[in-house]
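Student: take this sequence and fold it.
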Amino acid sequence: MLNYLWAGMILAGILFGAFNGKMADITNAALDSAKDAVTLCITMIGVMAFWTGIMEIASKAGVIGMASKKLGPVIRFLFPELPKEHKANEHIATNFIANFLGLGWAATPAGLKAMEELEKLEDERRAGRSSGPVRKRGIANNEMCTFLIINISSLQLIPVNVIAYRSQYGSANPAAIVGAGILATAVSTGAAVIFCRIMDRGRGK
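Tutor: Down below sits the predicted model:
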C-alpha cells in the first residue's frame with residue numbers, strides 16, 4: 001500500500017511540475033536530494049560504526065553483563081514468567097540498552113536473538129505440557145508480545161539518529177531534541193507497559 005502511496009505522490013509532483021513549467025526545478029531538486037542522501041548515508045555510517053563499536057567493546061568488557069543485572073528487576077517486572085537465569089534476559093537487556101541510546105541498528109540483532117530464545121522457551125514449555133491448551137508454533141506468547149510492544153515504544157535517553165540528522169542539515173543545536181525525545185518516548189513506553197499489564201491480567205482470568 002505504501003508503495004502505491006509514494007508512487008502516486010511522486011507522479012503527482014512530476015505532473016504538477018510539468019503543467020506549471022517547473023520541470024527544471026524538479027530535476028535540480030532530484031539531483032540535490034540524491035547528493036544529500038549520499039552525504040547523509042556516509043554520516044550515518046560513521047555514527048553507526050562508532051556506537052556499534054562502543055556497544056561491542058562494552059559487551060567484551062562485561063559492561064553489558066553488569067547492566068543486564070541492574071536491569072534485572074525491570075525485566076522481571078515486565079516478564080514475570082521468564083526464568084531468572086534464562087539466556088533471553090541478557091539479549092533483552094542489550095536490546096533495551098541499545099534503544100536507550102537510540103541505536104536501533106544495534107538493538108535489532110539483540111532483539112532477534114531474544115525472540116529466538118523466547119521461542120525456544122515456549123517450545124520447552126510446550127513439550128512439558130501433558131494436558132490443557134497448547135499454543136500453536138508460530139503464534140507469539142505473552143513474553144514475545146510484551147517484548148515487541150516495549151521494543152516498538154523504545155524509551156530513548158539519547159536519540160542519536162535524530163541528533164545526527166539535525167546536525168547533517170545544519171541545526172544550530174542538534175541536541176535540543178533530547179528533552180522532547182525523552183518525554184515522548186517515556187510516555188509511549190509507559191503506555192506500552194500499562195497496556196501489557198492490562199492484557200496480561202485479562203489473559204489470566
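Student: CA atoms for contacts and neighbours, from now on please.
Tutor: Will do.
Student: give me the number of neighbouring residues for residue 49.
Tutor: 12 (other Cα atoms under 10 Å).
Student: that one sits in which helix or strand?
Tutor: Assigned by DSSP states H and E, residue 49 belongs to helix 23-60.
Student: quick check: next helix or strand after that helix?
Tutor: Beyond helix 23-60 in the direction of the C-terminus, DSSP H and E gives the next helix or strand as helix 63-70.
Student: what are the buried residues along that next one?
Tutor: Along helix 63-70, these residues count as buried under the neighbour rule (16 or more other Cα atoms under 10 Å): 64-65, 67-68.
Student: the helix holding residue 49 vs helix 63-70, what angle?
Tutor: 80 degrees (axes from the mean of the first three to the mean of the last three Cα atoms, to 10 degrees).
Student: list the helices and strands helix 23-60 packs on?
Tutor: Counting by 3 or more Cα pairs under 8 Å, 6 or more residues apart in numbering; DSSP states H and E, the packing neighbours recorded for helix 23-60 are helix 2-19, helix 104-128, helix 160-168.
Student: now mean pLDDT, distance to residue 54 and mean neighbour count too, for the ones you listed, in JSON lines please.
Tutor: Rendered in JSON lines, the data for those read as follows (pLDDT from 0 to 100; distance: least, Cα to Cα, whole Å; neighbours: other Cα atoms under 10 Å):
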{"stretch": "helix 2-19", "mean pLDDT": "83", "distance to residue 54": "35", "mean neighbour count": "12"}
{"stretch": "helix 104-128", "mean pLDDT": "81", "distance to residue 54": "10", "mean neighbour count": "17"}
{"stretch": "helix 160-168", "mean pLDDT": "77", "distance to residue 54": "13", "mean neighbour count": "17"}
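Student: got any ranges where this protein has weak pLDDT?
Tutor: Counting by pLDDT under 70, the ranges of the chain that qualify are 128-139, 201-205.
Student: coming back round to it: let's have the buried residues of helix 63-70 in JSON lines, adding distance to residue 49.
Tutor: Formatted as JSON lines, the buried residues of helix 63-70 follow (distance: Cα to Cα, whole Å):
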{"residue": "64", "distance to residue 49": "18"}
{"residue": "65", "distance to residue 49": "21"}
{"residue": "67", "distance to residue 49": "22"}
{"residue": "68", "distance to residue 49": "23"}
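Student: and of those, the nearest to residue 197?
Tutor: For those, the minimum distance to residue 197 (Cα to Cα) is 22.0 Å, reached by residue 68.
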